[in-house]
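Structure, please.
(one chain, ligands or ions: 2)
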Amino acid sequence: MKRPILIHPDPRLKKLCAAVPDLSDELRSLADDMLETMYDAPGIGLAAPQVGVMDRLIVMDCVKDEAEAPRPLIMFNPEIVASSDEMSVYEEGCLSIPDQYAEVKRPEAVDVRWIDRDGNEQTETFDGLWATCVQHEIDHLNGKLFIDYLGPMKRQLITRKMQKLKREQAKARA
Ligand code: GNR
Ligand code: NI
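Ligands and ions are numbered 1, 2, ... in the order given. Predicted coordinates for the structure are as follows:
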């Protein structure tokens with residue numbers, strides 16, 4: 001089932017999410033809903049707070065090539081355990097900040113540890129777009145958005161545009 005995505009500014013996008021103590025059918029079903037919502041958007045990642053759930057859960061699939069097999073990843077309690085010294089710059093966007101893009105500098109590669117859908121611990125090195133995406137998603141679990149890396153002027157400009165968008169959306173629904 002597809003779920004609505006929260007749009008910035010929203011207090012739920014600024015909060016620290018809680019670690020998931022145990023997997024449950026409810027959490028697995030939430031993860032499946034998040035993948036469906038992400039593919040439908042379309043996006044390459046989604047974090048639970050973006051659908052209003054304050055748990056440490058992210059999903060991703062950064063396979064761009066339509067000819068390549070999809071690679072849906074579900075990560076409970078993801079943690080960055082190592083980061084490269086090398087940095088890289090990507091033009092980032094966010095499903096909670098529609099149609100706004102900006103360059104963000106982050107470590108080029110990260111080692112991530114997480115609990116998968118079956119409850120097994122996994123560790124993997126990600127680089128390129130996957131590394132950018134997993135860092136962007138883990139930031140969401142800590143109440144951080146990509147615009148928090150920008151200067152105050154750019155951030156405020158984007159926030160004002162989003163406030164306007166939300167007002168117009170509310171009006172259209174009324
Ligand atoms: O779909 C998304 N694309 C994207 C592009 C560059 C850097 C990060 C991302 S993540 C974003 C989906 C999203 O908002 N995830 O939280
Ligand atoms: Ni995002």
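
quick one: is the top helix by length along the chain near ligand 1?
The helix that spans the most residues within the chain, counting by DSSP state H, is helix 152-173. No. Interface with ligand 1: helix 152-173 contributes nothing (CB under 6 Å from any ligand atom), its closest point being 13.1 Å away. Just so you know, the C-beta spots here come from the backbone N, C-alpha and C atoms, and that holds for glycine as well.

Next up, the contacts around Met34.
By CB atoms under 8 Å, 6 or more residues apart in numbering, the contact list for Met34 reads Arg3, Leu46, Ala48, Val51, Leu57, Val59.

what about 10 Å?
Met34 sits next to 2-3, 5, 45-48, 50-51, 53, 57-60, 72, 74 when contact means CB atoms under 10 Å, 6 or more residues apart in numbering.

Flag every buried residue along the helix or strand hosting it.
Secondary structure assignment for Met34, by DSSP states H and E: helix 25-40. Within helix 25-40, the residues that count as buried by 16 or more other CB atoms under 10 Å are Leu27, Arg28, Leu30, Ala31, Asp33, Met34, Leu35, Glu36, Thr37, Met38, Tyr39.

And the strands in the chain, which stretches?
Here the chain has its strands, by DSSP state E, at 45-47, 57-60, 73-83, 87-94, 97-107, 109-115, 121-127.

Could you point out which of those sits nearest Cys133?
strand 45-47 (4.5 Å; CB to CB).

thought Thr132 was touching Val110?
Yes. Assessed by CB atoms under 10 Å, Thr132 is found in contact with Val110 at 9.4 Å.

what's the overlap in contacts for those two?
Phe126.

between the two, which one's more packed in?
Neighbours were counted for Thr132 and for Val110 using other CB atoms under 10 Å; Thr132 has more, 26 against 22.

distance of that one from Gly143?
Counting by CB to CB, to the nearest Å, the separation of Thr132 from Gly143 is 19 Å.

swap in Asp65?
Using CB to CB, Asp65 is found at 33 Å from Gly143.

With neighbour numbers in mind, choose between the two.
A count of neighbours by other CB under 10 Å puts Gly143 above the other of Asp65 and Gly143, at 16 against 6.

Just give the closest residue to the more buried one, not the sequence neighbours.
Spatial nearest neighbour of Gly143, excluding adjacent residues (CB to CB, 6 or more residues apart in numbering): Lys14 at 4.5 Å.
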